[in-house]
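**Q** Predicted model and sequence follow; I will ask about them next.
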Amino acid sequence: MVLEVRNRLAVTPVQFRRVAYLALGSLTLIVLTGAAVRLTDSGLGCENWPKCGGTPLPPLSSHALIEFGNRAVSGVVGFITVVAAVLAFTRRPFRKDLAILALLLPLGVVAQAVLGGFTVLHHLAPGFVMAHFSLSLLILVAAFALAWRATYEPGSRPRATDRVAVWSTRGLLPLGALTIFAGTAATAAGPHSGGFTGQVVHRLHFKGAATLEWTIHQHATIAAIFGVAVIGVWFLARHRGASSQDLEPLTVLGVLLAAQGLVGSVQYELKLPSEMVWVHVSLATVTWLTLLWVVAAAGRLAPRAVEVPVGDRTAGARELELVGHPE
């Protein structure tokens, strides 16, 4: 019976790749809708969880409908991730790496739902909101890895040999993560608490009234360093012989960072209007996915060749053999 069901659900590599990209797209969408909930002051539209008020259905108010709508979208996204996880086991040929990554997606959605519930129960405390967004980006790492690995069969892409270029590219990832984290702190100190008029939502205030200005300047400084690092890695890769195709992910990342800088400056001058903040958050999400693309496109390093003596073959002579040393 189980074998029959598995055969009925069997999918080809091409079909599974489409499902993987659908999962990636849906998980990206939920990040954007979640940001919209906060920036429309609807974060406490449903003041409890999992119900919305006293009933499973929301009351007829704009804030409640927006918050409940985000929960409904989350349910659809969760279903898509479950489908991806099931099909990872029915894909033919079966690949263990895809199955593990696919399983992380519904687990991540469940973790997000639980964390989202605690966020509501704690009245949008800044730490919970920051963790909620950060977890979304971690889930996107798994979703992107699934889509990327589903695109290529093992061994189909040549290993990279330029260790300097690859490690320089990989070094952009923690710097980019730090930039986005600093951005969540700036948002958590800003005027968009997620609650509507009459609701008390605490903000970050570790520096008192100067907290917002301080976090914005730290975020801007880290973002500037990140931008300079991206430019530096681009020129390094070009100097070391990278083709225009190899440079494409870094080029896109640089353009997105320039756009982010422009949007960030405009929203600061306009006193952080919610629409501009949403665009800034959306661009940050796309930038994060592009950064993952940059790191993935750099490739895995080929084993390092080292000389290992394997014994005397002739009197007074020793043969040397090249063996792989894992990175």
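**A** Perfect, thanks for sending it. Numbering: from 1, shown residues only.

**Q** The residue lying closest to Ala177 once chain neighbours are set aside: neighbouring residues, count only.
**A** Nearest residue to Ala177 in three dimensions, chain neighbours excluded: Leu137, at 7.6 Å (C-beta to C-beta, 6 or more residues apart in numbering). In short, each C-beta sits where N, CA and C put it, glycine included. By other C-beta atoms under 10 Å, 19 other residues sit near Leu137.

**Q** helix or strand for Leu137, which one?
**A** Leu137 is part of helix 126-151, with elements assigned from DSSP states H and E.

**Q** any idea how this protein splits into domains?
**A** Per automatic domain parsing, the domain ranges recorded for the chain read 1-156, 157-302.

**Q** Among those, show the one with the smallest mean pLDDT.
**A** When mean pLDDT is averaged over each of these, domain 1-156 scores lowest at a mean of 87.

**Q** re earlier: the residue nearest to Ala177 touches Trp288, doesn't it?
**A** Yes. The pair Leu137 / Trp288 is scored as a contact, 5.6 Å apart, by C-beta atoms under 8 Å.

**Q** shared neighbours, the two?
**A** Common contacts of Leu137 and Trp288 (C-beta atoms under 8 Å, 6 or more residues apart in numbering): Ile180.

**Q** got a list of what the residue nearest to Ala177 touches?
**A** Contacts of Leu137 were listed using C-beta under 8 Å, 6+ apart, and they are Val31, Ala177, Ile180, Thr285, Trp288.

**Q** any chance of these in CSV, with neighbour count and distance to Gln260 too?
**A** Formatted as CSV, the contacts of Leu137 follow (neighbours: other C-beta atoms under 10 Å; distance: C-beta to C-beta, whole Å):
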residue, neighbour count, distance to Gln260
Val31, 23, 16
Ala177, 17, 15
Ile180, 21, 10
Thr285, 19, 11
Trp288, 23, 11
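
**Q** hmm, back to that, how far away is the residue nearest to Ala177 from Gln260?
**A** If you measure Leu137 against Gln260 using C-beta to C-beta, to the nearest Å, the figure is 15 Å.

**Q** Repeat that for Val294.
**A** Distance from Val294 to Gln260, counting by C-beta to C-beta: 15 Å.

**Q** re earlier: looking at the contacts of Leu137, which are in strands?
**A** The strands, defined by DSSP state E, take in nothing from those.

**Q** Could you work out the most separated pair of those residues?
**A** Longest distance between any two of the contacts of Leu137 is 14.8 Å, between Val31 and Ala177; criterion C-beta to C-beta.

**Q** dump the residue contacts of Arg163.
**A** Leu301, Arg304.

**Q** Over to Val76?
**A** Contacts of Val76 (C-beta under 8 Å, 6+ apart): Ser26.

**Q** what's the spacing between it and Val82?
**A** Per C-beta to C-beta, Val76 is found 11 Å from Val82.

**Q** Equivalent analysis for Leu103, please.
**A** For Leu103, the distance to Val82 equals 10 Å [C-beta to C-beta].

**Q** Just want to know which of those two has more residues nearby.
**A** Leu103 (19 against 16).

**Q** do you know how far that one is from Phe89?
**A** Distance from Leu103 to Phe89, counting by C-beta to C-beta: 9 Å.

**Q** for Gly190, same thing?
**A** The value you get for Gly190 to Phe89, if C-beta to C-beta is used, is 44 Å.

**Q** Pick out whichever of those two has more residues nearby.
**A** Comparing Gly190 with Phe89 by other C-beta under 10 Å, the one with more neighbours is Gly190, at 18 against 15.

**Q** In this structure that one contacts Thr211, no?
**A** No. Here Gly190 does not reach Thr211: they are 9.4 Å apart, not a contact under C-beta under 8 Å.

**Q** Name the residues contacting each of those two.
**A** Common neighbours of Gly190 and Thr211 (criterion: C-beta under 8 Å, 6+ apart): Arg203.

**Q** Val294 and Gln260: who's more crowded?
**A** Val294 (24 against 21).

**Q** Need phi/psi at the more buried one.
**A** Here is the backbone geometry of Val294 (degrees, to the nearest 10): phi -60, psi -50.

**Q** if we can go back for a sec, could you point out which element follows the helix holding Leu137?
**A** Heading C-terminal from helix 126-151 (DSSP H and E), you reach helix 163-170.

**Q** which parts of that following helix are buried?
**A** Buried residues in helix 163-170, counting neighbours by 16 or more other C-beta atoms under 10 Å, are found at Ala165, Val166, Ser168, Thr169.
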